[in-house]
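> turn this into a model:
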Amino acid sequence: MRKLFVLAIIASLLGACSSIRTTADWDPSADFRGYKTFNFSQSFDEIKVNDLDKRRIKNAIKVEMEKRGYVLSDQPELLVNGYVTAVEKTVVTNTHYGGYGPYYYGWGGWYTSTDVNKYREGTLIVSLIDVRQKQLIWEGRAEGFIPPSGGDKRTRATDDLMQQLFWKYPIK
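Numbering: from 1, shown residues only. Below is the predicted model:
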């Protein structure tokens, strides 16, 4: 029974992450262990999300960077930059029903049902810039749909997204 419970939890976690696709790219010549400090660039505060989501994103990035041994500093070696964009998408589904009527008493009617669903798919790009060399050393991209529910659910979804994005970071 306990095994079944653990499998159900793992399946639900994997299912929750399936709507987000992440990719990462980095400079293979960069010594990621040589950096000790980070901070957010001034332009990070200009990303086009509401203030609540901006704080969620910043906090989740801070947690992931600190997991990797970096310290938030006023004299950073790495600057964190971010960019967010969203696209309105529409999905149209046509379903056709038809065939025999009840109990095969002749032909039944043919019915068509059309469902139109609109949603927003977003892209979040997180970049790490070497302050001394003034060049990009790592970039992570997350694309997909985060449910619009707010509060703790939205915070957990943001934390999970960052964890998934930083999973592809060169050092753990």
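> now the helices for this structure?
With DSSP state H, the ranges of helices along the chain come out as 2-17, 51-67, 152-166.
> which positions in stretch 125-132 come out as buried?
By 16 or more other CB atoms under 10 Å, the buried positions in stretch 125-132 come out as Ile125, Val126, Ser127, Leu128, Ile129, Asp130, Val131. Every residue, glycine included, has its C-beta placed from N, CA and C.
> swap that for stretch 23-41, please
Residues Ala24, Trp26, Asp27, Ala30, Phe32, Tyr35, Phe38, Asn39, Phe40, Ser41 are the ones in stretch 23-41 that count as buried (16+ other CB under 10 Å).
> ok, the fifth one touching Asp130?
Looking back up the chat, that one is Phe32. No - using CB atoms under 8 Å as the test, Phe32 is too far from Asp130 to be in contact (10.3 Å).
> the strands in this protein, which residues?
Remark: strands assigned in the chain by DSSP state E are 20-26, 37-40, 71-72, 78-97, 111-130, 135-144.
> reformat those as JSON lines; add mean pLDDT and distance to Val49.
As requested, the strands of the chain are exported to JSON lines (pLDDT from 0 to 100; distance: least, CB to CB, whole Å):
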{"stretch": "strand 20-26", "mean pLDDT": "90", "distance to Val49": "16"}
{"stretch": "strand 37-40", "mean pLDDT": "96", "distance to Val49": "14"}
{"stretch": "strand 71-72", "mean pLDDT": "96", "distance to Val49": "21"}
{"stretch": "strand 78-97", "mean pLDDT": "81", "distance to Val49": "5"}
{"stretch": "strand 111-130", "mean pLDDT": "82", "distance to Val49": "9"}
{"stretch": "strand 135-144", "mean pLDDT": "93", "distance to Val49": "13"}
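> closest to Lys58 out of those?
Of all these, it is strand 37-40 that lies closest to Lys58, at 6.2 Å by CB to CB.
> and that closest one, which strands flank it?
The partner list of strand 37-40 in its sheet, established with DSSP bridges, is strand 71-72 (parallel), strand 78-97 (parallel).
> now for those, which one comes closest to Asn50?
With CB to CB as the measure, strand 78-97 is the member of the strands paired with strand 37-40 nearest Asn50 (10.6 Å).
> tell me the angle of the closest one relative to helix 51-67?
Relative orientation of strand 78-97 versus helix 51-67 (axes from the mean of the first three to the mean of the last three CA atoms, to 10 degrees): 120 degrees.
> any idea how many residues pack against Glu64?
By the criterion of other CB atoms under 10 Å, Glu64 has 19 neighbours.
> residues near the closest residue to it other than its chain neighbours, how many?
Using CB to CB, 6 or more residues apart in numbering and skipping residues adjacent in sequence, the residue nearest Glu64 is Phe166, 4.1 Å away. Phe166 has 21 neighbours, counted by other CB under 10 Å.
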